[in-house]
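K.L.:
A predicted structure for the sequence below; I have some questions about it.
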Amino acid sequence: MPLFIGYVVSSLVVIPLVTHGITFISRFQLWTQPIWVVLHLLPFIFIAATDMPSFTEWTQFRGIEQRDGSSFNLILFGLASTVVFSLVAQIGEQVDFLRFLPVRGKQSRITWWLACLSAGPGWILPGALKLLAGSFLAVLAMRHLVPVDKAAEPTQMYLVAFSYVFSSPNWALAFSGAFVIVSQLKINVTNAYAGSIAWSNFFSRLTHSHPGRVIWLVFNVTIALLLMELGIFKALERILGFYSIVAVAWVGALVADLVINKPLRLSPPMIEFKRAHLYDINPVGFGAMLLATVAGIVALTGVLGTDAQALAAFIALGVAFIASPAIAYATRGAYYIARTPQRDWGGQTTIRCVICEHHFEAEDMAQCPAYSGAICSLCCSLETRCHDLCKPHARVSDQFLKQLRRLLPEWAVTPINTDLGRYLGVLVLFSGLIGTVLSLVYFQISMESTINDTGLKSALWTVYFILTIIAGIGAWLLVLAQESRRVAEEETSRQTELLMREIEAHKRTDAKLQRAKEVAEAANEAKSRHLVGLSHELRTPLNAILAMRKFWNAIPICRRGAPAP
């Protein structure tokens, strides 16, 4: 099978597995775990039993360039650290599984903590063991004359490892292939699910639309497939350098907030995650990550020297740890919480959302002033009409304009909050992204080949200006679309207000008609009572007269029927 078709098949296999949700993924991980553990440990057991000296050779391995292993090499240390740092975000993904950890009970306190630590921060231990096992298999593969550029491939590693288990090359190939397939499925179903959630959260907050998680699952897998088809694996070492800086800057800002800012009370003690209670941008985390990323990328380009280039990830980590408490102190932690969260729900554990009418746990609900009730996180993200009525000062545009008013006079800030100002802002953002991507392409090509530097710069500048023109058109269309939506919402609001006024007028008219009806009914009732009383007064003497008449008429009858004296 050609490799590009293999990528397509691998992608298509993952999609139906992930569409069933986290419950099926958990079961799949549980079912395949025994198979994976056996296939993972079986080669090491046979290697230890038949070729123990290979472990000694691994610990004494000096590298492919046969450097002196007794001396410390800063450059190689930095390169190895880059690979390790790129795995930081993947280790942090384990927090997704901790969401399904049951509530801690008194009877299972020890087991609960063991599960929490092993599935959470303790996951770094098996991660480190896997790194060591991979390095051992790479050395073992090179010992069996596998080319250096192939020794790091898992198929080559385990093909050599399973050759210790089976004397037949076909069986060794079959088991190594089965192990690689099981491992990749276990990894890819988790990554595909986590990626679909990430894309869904991103676009739901940006566009206030949620077509469904399956859409973003296919979107995420398609991007991965295109990257593999474009040969991303061949440039993995250079890509890991940039990715490790971003990952370390992100995780470093988070860790600094947890271990520095919170103990020093520079940030609130609790962790708030609901959008309804947060600012669009918290400069503590976002600013620290941005500064750390810029510092790391600048160091990685070699501008600060070879040593700084090798330690770019450490520089990013250090900047994140310094910038996070510094920004938190400068802002006095004012951008962590946009409004006071409601914690007391009257003892209710599950609350019904006023929009979708589904029930959710109280921790996932927020009080919405626009709908005068509790709202779930998804409905809050998809809501487009309220314009953050619960926290109008926390929107990114208001945050930006507020800071500008502190630095600039009002006459200079007013033009920014216009269509032209928004257009220029979006254009600058798009142009900056294009320039960043082309700069990365330039540094990558310049490090790989001996192409004419002047010609390369000229070509990239031409591409930059062409893409900037396209970005300018796209930015103007985006601003016009936003303005059109804003005008449509204003027109809808006016029509709704007129309709509500008409409804109120009809209500007042109905109330007056109801009062007039009640007055008429009261008058009719009084008239009826008067007629009833008058009729009673008339019937009383008439009844007496009629009785006397009947009595008088009865007298002759008695006289005629009486006996003679």
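P.N.:
Yep, it's here. Numbering: from 1, shown residues only.
K.L.:
Quick one: the helices in the stretch 101-250 of the chain, in order.
P.N.:
Secondary structure of the stretch 101-250 of the chain by DSSP state H, counting those that start in this stretch: the helices cover 109-119, 124-143, 148-151, 154-162, 169-207, 213-229, 236-256.
K.L.:
How far off centre is the last one?
P.N.:
Chain-centre distance of helix 236-256: 18 Å, with CA atoms, centre = their mean, to the nearest Å.
K.L.:
and the closest residue to I260 other than its chain neighbours, how many neighbours does it have?
P.N.:
Taking CB to CB, 6 or more residues apart in numbering, and ignoring the residues beside it in sequence, I260 has P325 as its nearest neighbour in space, at 4.9 Å. Every residue, glycine included, has its C-beta placed from N, CA and C. Around P325 sit 19 other residues, with neighbours defined as other CB atoms under 10 Å.
K.L.:
Likewise for E153?
P.N.:
Summarising burial for E153: neighbours were counted as other CB under 10 Å, giving 16.
K.L.:
about what we covered before: right, and the residue nearest to I260 touches K262 too?
P.N.:
No. Applying CB atoms under 8 Å, one finds P325 not in contact with K262, separated by 10.2 Å.
K.L.:
related to what we said a few turns ago, for the residue nearest to I260, give me its contacts.
P.N.:
When the contact criterion is CB atoms under 8 Å, 6 or more residues apart in numbering, the partners of P325 are 256, 260-261, 264, 266.
K.L.:
Also C380?
P.N.:
Listed by CB under 8 Å, 6+ apart, the contact partners of C380 are 274-276, 366, 368.
K.L.:
List just the one of the helices of the stretch 101-250 of the chain that sits closest to C379.
P.N.:
Each of the helices of the stretch 101-250 of the chain was checked against C379 via CB to CB, and the shortest separation belongs to helix 169-207, namely 10.4 Å.
K.L.:
Helices along the stretch 251-400 of the chain, start to end?
P.N.:
283-300, 306-310, 312-331, 377-382, 396-407.
K.L.:
got those as CSV, with mean pLDDT and distance to V428 columns?
P.N.:
CSV is the format used below for these (pLDDT from 0 to 100; distance: least, CB to CB, whole Å):
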stretch, mean pLDDT, distance to V428
helix 283-300, 91, 16
helix 306-310, 85, 29
helix 312-331, 92, 23
helix 377-382, 82, 27
helix 396-407, 77, 13
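K.L.:
quick one: which of these is nearest A520?
P.N.:
Among those, the nearest to A520 by CB to CB is helix 377-382 (47.7 Å).
K.L.:
quick one: buried residues of that closest one?
P.N.:
Within helix 377-382, the residues that qualify as buried are 377-382, counting by 16 or more other CB atoms under 10 Å.
K.L.:
send the alpha carbons of that helix over as CSV?
P.N.:
This file holds the C-alpha atoms of helix 377-382, laid out as CSV (Å, rounded to 0.1, in the frame of the first residue of the first chain):
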residue,chain,number,x,y,z
SER,A,377,-22.0,27.0,29.1
LEU,A,378,-22.9,26.0,25.5
CYS,A,379,-25.9,28.3,25.3
CYS,A,380,-23.9,31.1,26.7
SER,A,381,-21.2,30.7,24.0
LEU,A,382,-23.8,30.5,21.2
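K.L.:
worst-scoring helix or strand of the chain, pLDDT-wise?
P.N.:
Among the helical and strand segments of the chain, the one scoring lowest on mean pLDDT, DSSP states H and E is helix 95-98, with a mean of 72.
K.L.:
Give the other helices and strands that that helix contacts.
P.N.:
Helices and strands in packing contact with helix 95-98 are listed as helix 109-119; criterion 3 or more CB pairs under 8 Å, 6 or more residues apart in numbering; DSSP states H and E.
K.L.:
Done for today, thanks.
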